[in-house]
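# make a model of this:
(chains A and B)
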Amino acid sequence: MARFILRRVLSAGVLVLITLTLTFLAARLAPGDPLNRYYSPEVDPELIPRVRQQFGFDKSLLEQYGRWIWNFLQGDFGVSFSESRPVAAILRETVPRTLQLTVLALGLQILLGIGLGMLMAARRGTRTERSLMLAFLAFYSIPSFYLAYLLIALFSLKLGLLPAANMGSLHLEPSGWLLLKDRALHMAMPVFVLAFGGAAGLARFTRGSLIDVFGEDYIRTARAQGLSSGRVLWIHAFRNALAPVLTVMGLSFPFLLGGSVVVEKIFAWPGMGALTVDAIFSRDYPVIMAATFIGACMVIAGSLLSDIFYGIANPRIKLAVCKGNKTD
Amino acid sequence: MQSIRQHMPSRKKVLEFLPGTAAFKRGGVSLIFSVFFYLCLLLLIARAGRFGAMLAGSAEGGKTAAAMILSVMCVLYFGATVAPALNRRFESRRSRFAKRFSANATAVAGTAGILAILLMAAFGPVIAPCDPDVQNGSAISQYQGPSPSHPMGTDKFGRDIFSRVLAGARISLGVAIAAVVIALSLGVLVGAAAGYAGGALDEFLMRFTDGLLAFPRLLLVLLLVAFFSSSYGMIVMVIACTSWMGIARLVRAEVMSIKGKEYMQAAVASGISRIRLVWRHLLPNALGPVIVAATLQSGSIILLESTLSFLGIGVQPPTPSWGNMVFEGREVLLSAWWVCAFPGLAIVAAVISLNLLGDGLRDAMEPREAGI
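Predicted coordinates for the structure are as follows:
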């Protein structure tokens, strides 16, 4: 097991390095000078080389790249152009906020997706299953920004039940219970919008995976032994169907992060997604690069975790990898 | 008399080339094609004046739009008459596929939906009540609710939303089709190379694919479009470059499983060239799942493009795209709900249709899964 994990961690490290390089290249190959914001007609022309020197732009591209990566790996992401404070400090504020959303959404997604997927598999061929399938297809096809607007129109504007923006109300007594309730109300719509698409995909996938397992001989054996259908579903089928579901869950993390861009923008949630979009619009290179890096790291960590869980759920894979065979 | 009748084509044969005569009895997909064909004819007759102006080249962008309409009509005609006839000629696996597909109500509904949107895109200039970009600044024409003269109402600038939805269909579908074609070629190329060659090339290509797959797609697209430009070409290229990975993995898996089949060994033994082997024997057999994946992928491309436009990074206003139209309605969600409701519904309809179509194609191709 240790060797399996080590192998995966190493390849994840290589992936992180590749993403860093790609981000650097994308930023440098793009037309326009990232320092343009500092030049104006009033700036003394003699100052320009000094500004460039200050940001290290006078060195060769390779040297800049090396220095940049070195700083990056030590956690020094540079200084934001638009906020004039260290990017690391900005990220320390925004990353936890985004994680709050994504982790909750992931939880909801797992709960809804796997639960309803199992329900559909157990009720195979009934009207419940068919209507759920169609409902999920519809959910899968709604753009998240459209769903967000529909929810805002209904719950905030029409019914006035849920707040449409920000993380919490201003001027609120910081007493425990009320604060918690306020936070939860602000979070309800963003988390749901973030989770629904993935939940629909996960439910469809869980259903397919379970139905595949239902066709296996050992399920027939278990049924023939007279076990109750609930026991067969939970003990015999579920664990065997879980492995592919775990992979899909690991792969859903990039979608959650991508989705958080839209959701944070709409619900004015001051997290990393909104930060990234604003940084892209204001060409704030250090922030863009750091945000991309953190995003890629989170995604890679997600797929690493799902690989490891996969190995635990299905020991055959682990063996195959340790023997040097390919898993895919 | 007898001899003349013998030399005349039989009535049945003539009817076969009139859309619908056989299809109305058979139902299924060819019926949908026939119905849409006659619908198009009706539209053209109703708007004959405008179509004539387009053909003559006096209307704006007329010639290409007219060519588009005629080619869509040809596709419909083909689907309604020639395809079923061919199908009957070659009673084979394909015919069983068509039968299963036609028997699947949701698949047929998906086909109908996607055809309807294709028609909206092609016939947009002919049926649009107004010019999508013409503003009508007077206070009365702003934010008008749906009415006979403006079926989907008007927006902040008094522009007709129905006309803009029609124009947006051209852009969304155009981006999706172009991007999916490029992504498909890239994916097939990489996947076939990796699966067929194996070894170090396979390892390298697949690690590269996995690396790209690990990246949050929306973030990557945002980054590239924002750094470079938001022209159509750039949007299409960036979306294509982030959409081919799934197809490549699929093609690779298919190629690897086909490589071991007996007919491949027979083909190798017969001494044909490697290019011919891959082109004529390998790829056609791997095509089915790839078409399914491409269909589903084009749905998610429409979603991606609309999200980009919504965020203000994709198609730039005043060019109408479904995404940026929804964004324009954000301030008047309740008071003028039609501004963002109808473009949003168009996105949902297009994506649902593509997903239904993809699922239907897969179910028809893989009978094992069809019962599920």
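
# make sure I have this right: residue A:110 is in a helix.
Yes. Under DSSP: H, G, I helix; E, B strand; the rest coil, residue A:110 falls within a helix.

# what count of nearby residues applies to it?
Counted with other CB atoms under 10 Å in any protein chain shown, residues neighbouring residue A:110 total 18. In this view, the C-beta of every residue, glycine as well, is placed from N, C-alpha and C.

# quick one, helices of the stretch 151-300 of chain A?
A:176-214, A:217-224, A:229-231, A:238-266, A:272-281, A:285-313 (DSSP state H, counting those that start in this stretch).

# do the same with the stretch 1-150 of chain B
Counting by DSSP H, counting those that start in this stretch, the stretch 1-150 of chain B has helices at residues B:2-7, B:11-16, B:23-26, B:29-46, B:48-56, B:62-77, B:83-89, B:93-103, B:105-127.

# isn't residue A:102 right next to residue A:254, touching?
No. The criterion here is CB atoms under 8 Å, and residue A:102 misses it with residue A:254 at 10.7 Å.

# residue contacts, residue 216?
Unless you meant another one, I'm taking chain A. Neighbouring residues of residue A:216 by CB atoms under 8 Å, 6 or more residues apart in numbering or on different chains: residue A:240.

# you looked at the wrong chain, it should be chain B
Counting by CB under 8 Å, 6+ apart, residue B:216 touches A:254-255, A:257-258, A:295-296, A:299.

# same question, residue B:112
Residue B:112 makes contact with B:32, B:36, B:353 under the criterion CB under 8 Å, 6+ apart.

# pick the one among those closest to residue A:92.
Closest approach to residue A:92 among the contacts of residue B:112 (CB to CB): residue B:353, at 44.9 Å.

# which stretches of the stretch 151-300 of chain B aren't confidently modelled?
The stretch 151-300 of chain B contains residues with pLDDT under 70 at B:214.

# now do the helices in it.
For the stretch 151-300 of chain B, the helices defined by DSSP H, counting those that start in this stretch cover B:161-197, B:199-214, B:217-227, B:232-241, B:245-259, B:262-269, B:274-276, B:283-311.

# okay, buried residues for the first one please.
So that's helix B:161-197. By neighbour count with 16 or more other CB atoms under 10 Å in any protein chain shown, helix B:161-197 contains the buried residues B:161-173, B:175-176, B:178-180, B:182-184, B:186-188, B:190-196.

# not counting its neighbours along the chain, what's nearest the spatially most central residue of chain A?
The centre of chain A sits closest to residue A:257, judged by CA atoms, centre = their mean, with a distance of 3.0 Å. The shortest distance from residue A:257 to any non-neighbouring residue, by CB to CB, 6 or more residues apart in numbering or on different chains, is to residue B:216 (4.6 Å).

# before we move on, back to that, rebuild the helices of the stretch 151-300 of chain A as a markdown table, extending it with mean pLDDT and distance to residue B:299.
Listed next are these as a markdown table, based on pLDDT from 0 to 100; distance: least, CB to CB, whole Å:
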| stretch | mean pLDDT | distance to residue B:299 |
| --- | --- | --- |
| helix A:176-214 | 83 | 12 |
| helix A:217-224 | 82 | 33 |
| helix A:229-231 | 76 | 35 |
| helix A:238-266 | 79 | 14 |
| helix A:272-281 | 84 | 23 |
| helix A:285-313 | 77 | 22 |
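
# who wins for proximity to residue B:342 among the ones you listed?
Once the helices of the stretch 151-300 of chain A are compared by CB to CB, helix A:238-266 is nearest, at 19.2 Å.

# buried ones in that closest one?
Quick answer for helix A:238-266 (16+ other CB under 10 Å): A:238, A:240-266.

# that one packs against which elements?
helix A:87-122, helix A:144-151, helix A:176-214, helix A:272-281, helix A:285-313, helix B:217-227, helix B:283-311 (3 or more CB pairs under 8 Å, 6 or more residues apart in numbering or on different chains; DSSP states H and E).

# list the buried residues of the shortest one.
Applying a neighbour-count criterion of 16+ other CB under 10 Å, the buried positions in helix A:144-151 are A:144-151.

# and the fourth one, by the same measure?
Residues A:272-280 are the ones in helix A:272-281 that count as buried (16+ other CB under 10 Å).

# and those, which two are furthest apart?
A:272 and A:280 (12.4 Å).

# quickly name whichever of the contacts of residue B:216 is closest to chain B.
Ranked by distance to chain B (CB to the nearest CB), those are led by residue A:258 at 3.3 Å.

# report the contact partners of that closest one.
B:216-219.

# CSV for these, including distance to residue A:221?
Listed next are those as CSV, based on distance: CB to CB, whole Å:
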residue, distance to residue A:221
B:216, 43
B:217, 43
B:218, 46
B:219, 47
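
# quick check: the farthest pair among those residues?
Greatest spacing in the contacts of residue A:258, by CB to CB: B:217 and B:219 (7.2 Å).

# quick revisit: between the helices of the stretch 1-150 of chain B, which one is nearest to residue B:202?
Per CB to CB, nearest to residue B:202 of those: helix B:93-103, 29.9 Å.

# any idea of the mean pLDDT in that closest one?
The average pLDDT within helix B:93-103 is 71.

# measure the nearest residue to residue B:71 once chain neighbours are set aside to residue B:73 for me?
The shortest distance from residue B:71 to any non-neighbouring residue, by CB to CB, 6+ apart, is to residue B:122 (8.0 Å). Computed as CB to CB, to the nearest Å, the residue B:122 to residue B:73 distance reads 9 Å.

# more neighbours: these two, which one.
More crowded of residue B:122 and residue B:73, by other CB under 10 Å: residue B:122, with 25 against 18.

# quick one: the more buried one and residue B:68 touch, right?
Yes. Residue B:122 is in contact with residue B:68 according to CB under 8 Å; the separation is 4.8 Å.

# next to chain A, which bits of the stretch 201-350 of chain B? Give me the list.
Applying CB under 8 Å from any CB of the partner chain, we find that the stretch 201-350 of chain B lies next to chain A at B:206-207, B:210-211, B:213-219, B:222-224, B:226-228, B:249, B:253, B:299, B:303, B:306-307, B:310-313, B:323, B:326-327, B:329-330, B:333-334, B:337, B:340, B:344, B:347-348.
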